[in-house]
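J.: just the structure for this:
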Amino acid sequence: MSRKPTAADWAVCQVEAVRDDPAARLALVRRTYGGPTGRAPRHLRFRRAALSFMHWQIGRGVLAPLDATPPGSPWWRKVNERLLRDGCEAVARAAGLRGERSAPTIDQWMAFIASPTGRNWYRAHNASIVAAYLEHHDLALAESAPERFFLNVVLLRVLYAHALVGAPRLSLGRFAALGSVLGDPRLGMAGIFLSLGRVLPDR
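T.: Here you go, the predicted model:
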């Protein structure tokens, strides 16, 4: 008798199916924010920031297959896959699949699903991003020196956008009252920090 798949198993299968197709990765993110039924209006509005970040990665070619010309980046692909996997596992759990969680970051995603606020979205999204940075340090070292610099710029901007909502006084000082508007991932203003094509080159 075959074992019933867990939420983590289902998430891995979803990511494996889109691994070498950047457009399919993007479509998977779109579906994830729709929740188990495809109708999650309170969560859909957070898709803007996630898709903005992914469009930039696809435009740079870093999510392309490793055998493409030019090839994608092993580091960027792994970081993106971690984000996809965590989001898919959380959706699977919300749909009723069980099993041991694959990582502590799943708790942050479940908190976002239960209470879709800007603060909770940043906690979930950035927990996955930071975990992937640490997990794939060896792949980052294999990137070129300019690219390693850009990796740090990306992390800084993502965390700063988080601080606008989570710690507005720290990030904006006397203009702290503007933090919730400037950093809200549901609003276009967050794109200033997350649409990285404005500040980083494609190559």
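
J.: list the buried residues for whichever strand or helix holds L155?
T.: Taking DSSP states H and E as the definition, one finds L155 inside helix 145-166. Taking 16 or more other Cβ atoms under 10 Å as the basis for neighbour counts, the residues of helix 145-166 that come out buried are F150, L151, V154, R157, V158, L159, A161, H162, A163, L164, V165, G166. No exception for glycine: its C-beta is placed from N, CA and C like everyone else's.

J.: which other residues reach stretch 105-114?
T.: For stretch 105-114, contacts defined as Cβ atoms under 8 Å, 6 or more residues apart in numbering pick out 35, 43, 86-87, 89-91, 93-94, 101, 120-121, 123-124, 127-128, 131.

J.: among those, the buried ones, what's the ChimeraX command?
T.: Selection of the buried residues among the contacts of stretch 105-114 in ChimeraX, burial being defined by 16+ other Cβ under 10 Å:
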select :35,43,86,87,89,90,91,93,94,101,120,121,123,124,127,128,131
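
J.: among the contacts of stretch 105-114, which ones are in helices?
T.: Of the positions in the contacts of stretch 105-114, 43, 86-87, 89-91, 93-94, 120-121, 123-124, 127-128, 131 sit in helices, assigned by DSSP state H.

J.: wait, which of these is closest to D9?
T.: In terms of Cβ to Cβ, no member of the ones in helices among the contacts of stretch 105-114 lies closer to D9 than E89, at 9.2 Å.

J.: quick check: closest non-adjacent residue to the closest one.
T.: Taking Cβ to Cβ, 6 or more residues apart in numbering, and ignoring the residues beside it in sequence, E89 has A11 as its nearest neighbour in space, at 3.8 Å.

J.: wait, V62 sits on P71?
T.: No. In this structure, V62 sits apart from P71 without contact. The criterion is Cβ atoms under 8 Å, and the distance is 9.5 Å.

J.: okay, these two: which has more neighbours?
T.: In terms of neighbours (other Cβ atoms under 10 Å), V62 is the more surrounded of V62 and P71; the figures are 22 against 13.

J.: quick one: which helix or strand includes the residue nearest to that one when sequence neighbours are not counted?
T.: Spatial nearest neighbour of V62, chain neighbours left out: W76 (3.7 Å); criterion: Cβ to Cβ, 6+ apart. When secondary structure is defined by DSSP H and E, W76 falls within helix 74-94.

J.: could you say what helices and strands that helix packs with?
T.: On a contact count with 3 or more Cβ pairs under 8 Å, 6 or more residues apart in numbering; DSSP states H and E, helix 74-94 meets helix 7-18, helix 22-32, helix 47-60, helix 105-114, helix 118-135, helix 137-141.
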